[in-house]
Each structure stands twice: as C-alpha cells, then as structure tokens.
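**Student:** next comes the sequence, and after it the predicted model I'd like to discuss.
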Amino acid sequence: MTASAVQAIAASVANADAVVPVGTRTQWETGNPSGEGLQISAPAGITRYEPDDLTISVGAGTSCAVLDATLAAHGQECALDPRDRAATVGGVIACGVSGIRRLRHGPLRDHVLEVRFVTADGRVVKGGGPTVKNVTGYDLPRLLVGSFGTLGVLVQLTLRCRPRPAHARWFRAPEPTDRFRAAATLWDGRHTWILLEGDESDIETQSSGLYPSEAPQLPDGEHRGRISVAPGELPALGRDLDALPGARWCAELGVGTVHVAGDDAAALGRARAAAHDHDGWLLREAGAAEMDGFGRPLPNAELMRRVKDAFDPARKLAPGRLPL
C-alpha cells in the first residue's frame, strides 16, 4: 500500500459531501446499509509481516482469504473467522461481528493492534502500535471495531497473530455441556457440536465421550440475524425460538450469540421479539429490509453520538449506517 494511494483516499474524503466505505459487500446488509455517497474502497495487500513478532499489517481492502493463506504459510492464523472468506479485513473489523471461535480466541477487538484511517476532514490518523504489548495513547483500534465506517475510513490494520493449531476437528456431544470452556461450542436445541483444536494426542484425550462429526452449518437463508443475550438465557430463548414457525437457529454456548434464519421477514421479526423478551437484541444481517437493522435503542447510543460529534460532526461518513 503506497502513501500516494492513501493520500488520494484522504483527498477524496475531504472533498466529498458524503462518503460510503465499501469492501466486497459480504456484510453490506448487516445493521443498516449506508445511504448515498462517494464510495471508497481501501487498498489491498500485505504491508508488513513479522512472523517472529506474531504481527501482520495489511491494507484494509485485503480479503480474509488472502490474509489466512499468507499466515498459513508460516503456521500462523488470525481468528477473524468471517462467514464469507471473501470479506475484506477492514469490512470485518468495521462491522465488529466476531466469529464462532470467539470463546477460545477472544472477540475481534482483541486481534487489532494498530489502525490507520482517514477522518471526515481528510486527515490520515494512526492509532495503537504494531506491538502486542503496546498500551500507548487512546485505544483508537478498539473504538473503530464495530463503528461501521462512521468514524473514519479504515485503510490499514496491524493484527495480532497466533500459532495455527496443528489439528482441528468437530465432535458431537450427547447433551449440552460446559465441559469445554475454551472451545467453540454450537447448540441448536437438539445437537451440540464442539470444535477441538491442538495436537492430535490432546484432541484424542479431550474428545473422550464425544462422537466425530462433520462441521455444523449455521442457519442460512434470505433473512438472517444475530441475537445477543446473556449466556444463561440461551435455554429459555432456544425453546421460544423452536416455537416460532419458519425460524432456524444455532447458539454459541458460553458466548450468548444466536444465529437465526427465517423463511420470511416475519419470522425474523418474531425472532427479534423473542430476543427482546429475554432482554437481548437482534442485529439484522440480511433480508427483512423493512426491519430496522438494530431494533431496540442501543444502550450506548448517547455516548456513540458524542463520539460521532467529535470525529464527524457533519455526519458525512457512512450516513445512516448506525442509528445516531
């Protein structure tokens, strides 16, 4: 990624009345799609990779597939785990939707060490640092995670890497279990799947009492959403979702995330109502265009408005993306 490319983006942002950051649109419908404006795509490519330091810097337009292939060649990974590997790194970070291995590897914000982004007035700003133990200055990297492009246009990120497990295998458990507190565990009310990672001998020991399984498929369909509730609410919420016609779901045990798909928009609306009954909320990911992307008011909306006023008082970045 060249400095001239970044400066060209900065100049375009500064001169535009409205700016819409765009990746490969794999998560375009998540939340509220942005309104009209100048569409800006970030540069792609590996900028710097230090395998010994477990850090990699990439253009925000780099696909997750390219990132993963680069790291795999050195026996490493960065557990962004997007639903679609064609998603760009910047898009995944901007949407802030963690993958199914969150319980083991942490949320997306834990993987971001440094960001470079273009502000609404065309400045190029760096936040964080390319070291694992960096604690200098304001934590802008975490602020940008889940900001949906409303605070700045991401152009480069430095990510934390980790050794890639030698083996990874899915198993089925006879019943829901919290025995594996650091493993991805999916549950659909009938079946429980557990992903074990590590050395083959360790997996063999840990999998005692489990049954080998194919990788489970998250519910799919034209109308999709993601529910967030307290983990303890999952059994009761699962029973309510089972009673909804046309709804399919799968929960991440220990996290409180429930992936939902509906045969029609009404099914997704009923799933949102069920989430609200359990003091949770549903983020619309696809379809059901008549539904607001976030549902109930965001609990930190007032703080988000104050941050937005500081970064983009003219409201020119990703207009309409967040309910501010």
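**Tutor:** Received the coordinates, thanks.
**Student:** what's the burial count for the residue lying closest to residue 214 once chain neighbours are set aside?
**Tutor:** In space, and not counting its chain neighbours, residue 214 is closest to residue 170: 6.6 Å by C-beta to C-beta, 6 or more residues apart in numbering. Where C-beta positions appear, they are placed from N, C-alpha and C, glycine not excepted. Residue 170: 17 surrounding residues under other C-beta atoms under 10 Å.
**Student:** just checking, what packs against the helix or strand hosting residue 170?
**Tutor:** Assigned by DSSP states H and E, residue 170 falls within strand 167-173. Contact here means 3 or more C-beta pairs under 8 Å, 6 or more residues apart in numbering; DSSP states H and E; on that basis strand 167-173 packs against strand 192-198, helix 200-206, strand 211-212.
**Student:** give me the contact list for the helix or strand following the shortest one.
**Tutor:** Going back to what we said before, that points to strand 211-212. In the C-terminal direction, the helix or strand that comes right after strand 211-212 (DSSP H and E) is strand 223-228. Defining contact as C-beta atoms under 8 Å, 6 or more residues apart in numbering, one finds that strand 223-228 is touched by 97, 237, 249, 256-265, 267-268, 271-272, 275, 280-288.
**Student:** partners of strand 223-228 in the sheet?
**Tutor:** Note on strand 223-228: by DSSP bridges, its sheet partners are strand 257-262 (antiparallel), strand 281-286 (antiparallel).
**Student:** save the ones you listed as CSV, and put in distance to residue 207 too.
**Tutor:** Compiled in CSV, these are given as follows (distance: least, C-beta to C-beta, whole Å):
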stretch, distance to residue 207
strand 257-262, 24
strand 281-286, 32
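**Student:** tell me the most buried of those strands?
**Tutor:** Here the criterion is mean neighbour count by mean count of other C-beta atoms under 10 Å, and of those the winner is strand 257-262, at a mean of 25.
**Student:** okay, the angle between the next helix or strand after it and strand 223-228?
**Tutor:** Beyond strand 257-262 in the direction of the C-terminus, DSSP H and E gives the next helix or strand as helix 265-277. Relative orientation of helix 265-277 and strand 223-228, computed by axes from the mean of the first three to the mean of the last three C-alpha atoms, to 10 degrees: 10 degrees.
**Student:** and helix 265-277, what's its mean pLDDT?
**Tutor:** Taken as a whole, helix 265-277 carries a mean pLDDT of 96.
**Student:** which residues touch the spatially most central residue of the chain?
**Tutor:** With distances taken as C-alpha atoms, centre = their mean, the chain has residue 97 as the residue nearest its mean C-alpha position (2.1 Å). Contacts of residue 97 were listed using C-beta under 8 Å, 6+ apart, and they are 27, 30, 82, 83, 108, 226, 283, 285.
**Student:** now those in TSV, with distance to residue 66 and pLDDT?
**Tutor:** As requested, the contacts of residue 97 are arranged in TSV below (distance: C-beta to C-beta, whole Å; pLDDT from 0 to 100):
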residue	distance to residue 66	pLDDT
27	17	93
30	21	93
82	12	95
83	17	92
108	18	95
226	25	97
283	27	96
285	23	96
